[in-house]
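> have a look at this fold, sequence not included:
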């Protein structure tokens, strides 16, 4: 059985989960158009995740993907966090306010969230994917027993080998070009920053798993390129941010549609983990700050507070405007239409090649 | 006329120039097999370049490419150079010697080399390519009058637009994955580090020039991917280093064939310009040195001296073992055979897609 058959989709197109930006409307539109829609539930709790899943199900009976953050337990460092808040204080002051007194652990990792697991085995979405690492074998077995097809992100051959050992169905090869949070298992480890071209081909040849290529894939030509590399499918995030069904706010859409899309930066300053963002005031500040950001997701608590404060003052340049290096090629159109365009372009490019 | 027709080749395969590693034997083998062989003459003088060109011509009557370094004039900084030599002194000492007392400007830029221009217009190679920038309009016009097809490397849309304005025939889209010297026009300017996937597609859509994709292209599958992206051809460097016809020494071949190929690093420590190298003692030292390397090519003078000293002591870990991120997929086989394999794989991958 091919991966597409296993996923239950007709097109080799996965809409990236994009926690906070994906919506039930977006995921359902993509799935209804023949791709694999996704919702990211890493930024919400089990009740919120249940509502998102039910929201997709209300709009489609096709398979879709539920993505989980599986980061290692947050390591708190009160001194480091205080230093970070102190470094941020002048920026908060510019917008007439102060940083939070303390940072919270915003998101619970799926690795330690029994309630999330129970909800998922109950609702049994067709596809479940992991980002930032893998949960324990018993959680994988439980989801497998519930009938879920399982995917996980890898940024290196070593991570892909771990995913293969865990018995998952496929690996998402996330190139360094990709927007949003880089899926590295250990953000403190050395990172070879493999690009989509290098990583996809390496994992196709070496990992033993079907590969879903991700990073700078914005149109059907790039999907055809991913297939030529031997990938079973391509995952697109930034390409779907501009769709009216996404949760992106006006400032994010405006940035993506203009000259800001020409430059992206891999930064830890916003969330504490490396993530690729349109160059903005936050990434520029992050490039010059001397203090090391605290771990994920504590840094994100401060980042979200700063963005909220700046927004209240009319400044949108501190948004987490995640985008991949292909951002200048984003097109604003309804998701179903985009999926059709992507499929047509892919067929045309494959014929040409 | 398509770019391949203009280049006079039957296959969409360019062997990257790789100054110091390419040889007349390698270039002629590739051209004879239907690709475009290249020699890099940036590291030699006009007499040496003439010998290389005549060496290729003795082995093939097919078109080949002569690549020139067109870097901005070296900016000397005696204090900075002295600080660099001081930082290197303990490493030289480990191998029983001392750094050179002063650094030389090893290579003359084609931008200011009238003798090189005269030799090239006399010999009129079928294809001439530029790296690190563009020469003045009168030099371009002289080569054009001599009948040369002209290419130049771009790492960004802005560089590609400059190449289009200069009236060249095609642009080499060099992704951040690519091995060896990154072709940025200004190494001090901000660099978006666009990957092969992002850059190739962006230049196909926006530059108005035929695109030759480069970076992490190691097999025919990746060539087919480049063509699907809309590239007219693919340029491969690392894939040809392992060929017996290349000038790579045993240590370089050994590193490329073993676990060292799994990690590459973009470093300025070896030459003064960003270049991607197999991780080795030199790149590791470079990652931790606090002193900023002097400009190109002065730093390279020190780097070559250090490598020579280490080699005399039996240590090969300071070699400029340039390689792209696809290095683990390098295959050691004669260049003509490799070109045939690449073409077969490309056809198979295109059929599959």
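Yep, it's here. A quick note: this is a predicted structure, and the numbers were derived from the prediction, not measured.

> mind checking pLDDT for the spatially most distant residue from the centre of chain A?
Centroid-distance maximum for chain A: residue A:96 at 32.1 Å, with CA atoms, centre = their mean. Per-residue pLDDT puts residue A:96 at 95.

> and the residue of the stretch 251-353 of chain A found nearest chain B, how far from residue B:197?
Residue nearest to chain B within the stretch 251-353 of chain A (CB to the nearest CB): residue A:325, separated by 3.7 Å. Every residue, glycine included, has its C-beta placed from N, CA and C. Per CB to CB, to the nearest Å, residue A:325 is found 8 Å from residue B:197.

> what's the answer for residue A:134, then?
From residue A:134 to residue B:197 the distance is 26 Å (CB to CB).

> between these two, which has more neighbouring residues?
Legend: neighbour count by other CB atoms under 10 Å in any protein chain shown for residue A:134 and residue B:197, higher for residue B:197 (36 against 21).

> touching, that one and residue A:215? I think so.
Yes - between residue B:197 and residue A:215 there is a contact at 6.5 Å, judged by CB atoms under 8 Å.

> between those two, what contacts are shared?
A:175, A:177, A:195, A:196, A:325 (CB atoms under 8 Å, 6 or more residues apart in numbering or on different chains).

> the fourth one: how many residues sit nearby?
Other residues lying near residue A:196 total 35 when counted by other CB under 10 Å.

> next step: the shared contacts of residue B:197 and residue A:215 restricted to helices.
residue A:196 (DSSP state H).

> residue A:142: which of the shared contacts of residue B:197 and residue A:215 is nearest?
Proximity of the shared contacts of residue B:197 and residue A:215 to residue A:142 (CB to CB) peaks at residue A:175, which lies at 30.8 Å.

> list the contacts of the closest one.
Applying CB under 8 Å, 6+ apart, the residues near residue A:175 are A:155, A:194-200, A:213-216, B:195, B:197.

> tell me the residues of the stretch 151-300 of chain A that contact chain B?
A:157, A:175-177, A:190, A:192, A:194-199, A:201-202, A:204-206, A:215-219, A:221-222, A:224-230, A:262-264 (CB under 8 Å from any CB of the partner chain).

> among these, which ones are buried?
Buried residues within these, defined by neighbour count using 16 or more other CB atoms under 10 Å in any protein chain shown: A:157, A:175-177, A:192, A:194-199, A:201-202, A:204-205, A:215-219, A:221-222, A:224-230, A:262-264.

> in helices, which of these appear?
Per DSSP H, those map to helices at A:157, A:196-199, A:201-202, A:204-205, A:221-222, A:224-228.

> could you identify the most distant pair in these?
A:157 and A:221 (26.4 Å).

> residue A:321 and residue A:276 touch, don't they?
No - Residue A:321 lies out of contact with residue A:276 (CB under 8 Å); the separation is 10.0 Å.

> so between those two, which is more surrounded?
residue A:321 (29 against 24).

> from residue B:143, how far off is the more buried one?
Counting by CB to CB - residue A:321 and residue B:143 are separated by 44 Å.

> give me the low-pLDDT residue ranges for chain A?
Applying pLDDT under 70 to chain A picks out residues A:352-353.

> and the strands in it?
Remark: strands assigned in chain A by DSSP state E are A:13-15, A:37-40, A:64-69, A:127-131, A:149-154, A:170-174, A:180-181, A:211-214, A:233-236, A:264-267, A:275-278.

> angle of the fifth one against helix A:196-206?
Meaning strand A:149-154. Orientation of strand A:149-154 against helix A:196-206 (axes from the mean of the first three to the mean of the last three CA atoms, to 10 degrees) gives an angle of 130 degrees.
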